[in-house]
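Enquirer: okay, structure incoming, though there's no sequence with it:
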């Protein structure tokens, strides 16, 4: 009883630490990359990129909304957009609402890593794996920005957890199928887990094919993925291709997605991408511990001192994650699929060391593990939480750091500007795009109903063209689309004055 209480107390400390690392100054860094495009569209659950971007979507392809076009998005499945949309509805349109779901998903990942590690190797391994994920710089980073991959880690861990539990309680195949569906509905990168589960089923879990609950789970999986399948089937019928991500996977490069064209790599070097990701995002101690754990897992599976299926789940997962990372390439966010397997391996290594030593040797082992954890924690704080590192050295700070270029201050200025000079929209800003015009007409009617008696906008906000594009979409294009706020770039403003004169603006009441 005392042992169980200590385990849960330690887990509480780990979860509190994980949450603190993910929530501290969460809105302090700029929106600066693809997270802008995801959050921008999630606000209204509207698949429109931005006026200054050449990427087309169903919103611009068709003059009338298609019955199927809201089932997914042109470049990614819909689940994370839907989750963010819900948070924006509850908390308003701000950086906290944009990032909070990812911070919570990251913390839940730590909890389920403990549950998975405990189920596979025991509570000590579960605590060590959860602690590693809690303080890992890579995990903290992906939990503090609004990239889809932040949820991908959670679905991988959940799918593995329910799969392991289904070995003794087949009813969990239903929950496993739901987690697999959630992973695919989050991002197609999750597909690397399908051969992992298939091999585990064929080699260690053939009894599943005789379980009624397994086939019930398959029905749940198909039902949950059916909207995505319908979306891609209808897009193929209407445009001759599926969504952008699937088009890339099958080697298509349709004109509709010319701005997203990227080849799937055919390299046999599955280690290069993994080595780069690890070198750029971890302190030295973490990968050494994970590598030691992988060797122990392989050795333990051969000697049958641990369940082979559990060891195979970690080793196969890491292997296929490395293959997927090699195929997709791209930025560091793709590599977070390695995290669940690396922390489980590190947790198993910690368990092995705990059992290996006794007395003073065990105390020294615990001290060494605590030092490694403290190193990674300091590495994370330096890399993610502070604007200026206390010790600016590569051994104590990751290669990448959040953007803090002053754009949050600009966002605060523009927010205050529209609070000081509040007004109603003077005109629809998207007259040449029928679906967007219809959408903004509804926005204008809603704003007029919510703010009776308010005068139309009298101020035109003009922005410098040289401002970074992603940040400009979040600060300015967002308000143009969802608030019909009169905003022009400087070049657009000057061209309009030259072509149409100042009367173009004054006739809308702008002074």
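Expert: Perfect, I can see it now. As the structure is a computational prediction, the values presented were derived from the model and not from experiment.
Enquirer: residue 43: which element?
Expert: helix 34-44 (DSSP states H and E).
Enquirer: could you point out which element follows that helix?
Expert: That would be, after helix 34-44 and using DSSP H and E, helix 58-61.
Enquirer: for the helix or strand just after that next one, the distance to its chain's centre please.
Expert: Per DSSP H and E, the first helix or strand lying C-terminal to helix 58-61 is helix 79-91. Here helix 79-91 is found 13 Å from its chain centre; the criterion is C-alpha atoms, centre = their mean, to the nearest Å.
Enquirer: what's downstream of helix 79-91, the next helix or strand?
Expert: Trace forward from helix 79-91 with DSSP H and E and the next one is helix 95-121.
Enquirer: and the angle for that following helix with helix 79-91?
Expert: 130 degrees (axes from the mean of the first three to the mean of the last three C-alpha atoms, to 10 degrees).
Enquirer: now do helix 95-121: which elements does it pack against?
Expert: Under the contact criterion of 3 or more C-beta pairs under 8 Å, 6 or more residues apart in numbering; DSSP states H and E, helix 95-121 touches helix 2-23, helix 34-44, helix 79-91, helix 123-135, helix 137-143, helix 149-166, helix 308-328, helix 339-356. Where C-beta positions appear, they are placed from N, C-alpha and C, glycine not excepted.
Enquirer: that older thread, does anything pack onto the helix holding residue 43? Which helices or strands?
Expert: helix 79-91, helix 95-121, helix 469-472, helix 478-483.
Enquirer: any idea which of the ones you listed is most buried?
Expert: Highest mean neighbour count of those: helix 95-121, a mean of 23 (counted as mean count of other C-beta atoms under 10 Å).
Enquirer: wait, residue 140 sits on residue 22?
Expert: Yes. Residue 140 is within contact range of residue 22, at 6.4 Å (criterion: C-beta atoms under 8 Å).
Enquirer: overlap of the contact sets of these two?
Expert: Counting by C-beta atoms under 8 Å, 6 or more residues apart in numbering, the residues touching both residue 140 and residue 22 are residue 106.
Enquirer: quick one: which of the helices and strands packed on helix 34-44 is nearest residue 253?
Expert: Closest approach to residue 253 among the helices and strands packed on helix 34-44 (C-beta to C-beta): helix 469-472, 23.1 Å.
Enquirer: avg pLDDT for the closest one?
Expert: On average, the pLDDT along helix 469-472 is 93.
Enquirer: which one of the helices and strands packed on helix 34-44 lies nearest to residue 282?
Expert: helix 95-121 (16.2 Å).
Enquirer: quick check: angle from the closest one to helix 149-166?
Expert: 30 degrees.
Enquirer: how far is helix 95-121 from where the chain is centred?
Expert: 12 Å.
Enquirer: avg pLDDT for that helix?
Expert: 97.
Enquirer: ditto for stretch 451-464
Expert: pLDDT averaged over stretch 451-464 gives 91.
Enquirer: for that stretch, measure first residue to last.
Expert: Distance between the two ends of stretch 451-464: 30 Å, counting by C-alpha to C-alpha, to the nearest Å.
Enquirer: quick one on the thing from earlier: can you say which of the helices and strands packed on helix 34-44 is nearest to residue 306?
Expert: helix 95-121 (6.8 Å).
Enquirer: how far off helix 34-44 does that closest one point, in degrees?
Expert: Using the same axes, to 10 degrees: helix 95-121 against helix 34-44 is 110 degrees.
Enquirer: pop out the phi and psi values for the most centrally placed residue in the chain.
Expert: Nearest residue to the geometric centre of the chain (C-alpha atoms, centre = their mean): residue 148, 2.5 Å. Main-chain torsions, residue 148, degrees, to the nearest 10: phi -60, psi -30.
Enquirer: that one and residue 186 touch, don't they?
Expert: Yes. Contact criterion C-beta under 8 Å: residue 148 and residue 186 qualify, at 5.9 Å.
Enquirer: shared neighbours of these two, anything?
Expert: By C-beta under 8 Å, 6+ apart, the residues touching both residue 148 and residue 186 are residue 80.
Enquirer: follow-up on the earlier one: show residues contacting the helix holding residue 43.
Expert: Contacts of helix 34-44 (C-beta under 8 Å, 6+ apart): 31, 47-50, 73, 76, 80-82, 84-85, 88, 93, 98, 145-148, 333, 439, 470-471, 473-474, 477-478, 481-482.
Enquirer: what residues of that helix count as buried?
Expert: Within helix 34-44, the residues scored as buried using 16 or more other C-beta atoms under 10 Å are 34, 35, 36, 37, 38, 39, 40, 41, 42, 43, 44.
Enquirer: circling back to that earlier point, of the helices and strands packed on helix 95-121, which is nearest residue 459?
Expert: Nearest of the helices and strands packed on helix 95-121 to residue 459, taken as C-beta to C-beta: helix 34-44 at 22.7 Å.
Enquirer: circling back to that earlier point, between the helices and strands packed on helix 95-121, which gets nearest to residue 221?
Expert: Closest of these to residue 221 is helix 149-166, at 10.8 Å (criterion: C-beta to C-beta).
Enquirer: just how off-centre is whichever helix or strand comes after that closest one within its chain?
Expert: Downstream of helix 149-166, the next assigned helix or strand under DSSP H and E is helix 172-186. On the basis of C-alpha atoms, centre = their mean, helix 172-186 is displaced by 17 Å from the centre of the chain it belongs to.
Enquirer: residues of the following helix or strand past helix 172-186 that come out buried?
Expert: Proceeding N to C from helix 172-186, the next assigned helix or strand is helix 193-204, under DSSP H and E. Across helix 193-204, burial judged by 16+ other C-beta under 10 Å covers 193, 196, 197, 199, 200, 201, 204.
Enquirer: contacting residues for the last one?
Expert: If you count contacts by C-beta under 8 Å, 6+ apart, residue 204 has them with 308, 309, 312.
Enquirer: coming back round to it: got CSV for the buried residues of helix 34-44, with pLDDT and distance to residue 110 too?
Expert: What follows is those, written out as CSV (pLDDT from 0 to 100; distance: C-beta to C-beta, whole Å):
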residue, pLDDT, distance to residue 110
34, 91, 24
35, 93, 21
36, 94, 27
37, 93, 28
38, 96, 23
39, 96, 24
40, 96, 29
41, 96, 28
42, 97, 24
43, 97, 28
44, 95, 32
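Enquirer: turn these into JSON lines, columns for distance to residue 154.
Expert: Converted to JSON lines, the buried residues of helix 34-44 look like this (distance: C-beta to C-beta, whole Å):
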{"residue": "34", "distance to residue 154": "19"}
{"residue": "35", "distance to residue 154": "17"}
{"residue": "36", "distance to residue 154": "22"}
{"residue": "37", "distance to residue 154": "21"}
{"residue": "38", "distance to residue 154": "16"}
{"residue": "39", "distance to residue 154": "18"}
{"residue": "40", "distance to residue 154": "23"}
{"residue": "41", "distance to residue 154": "21"}
{"residue": "42", "distance to residue 154": "17"}
{"residue": "43", "distance to residue 154": "23"}
{"residue": "44", "distance to residue 154": "25"}
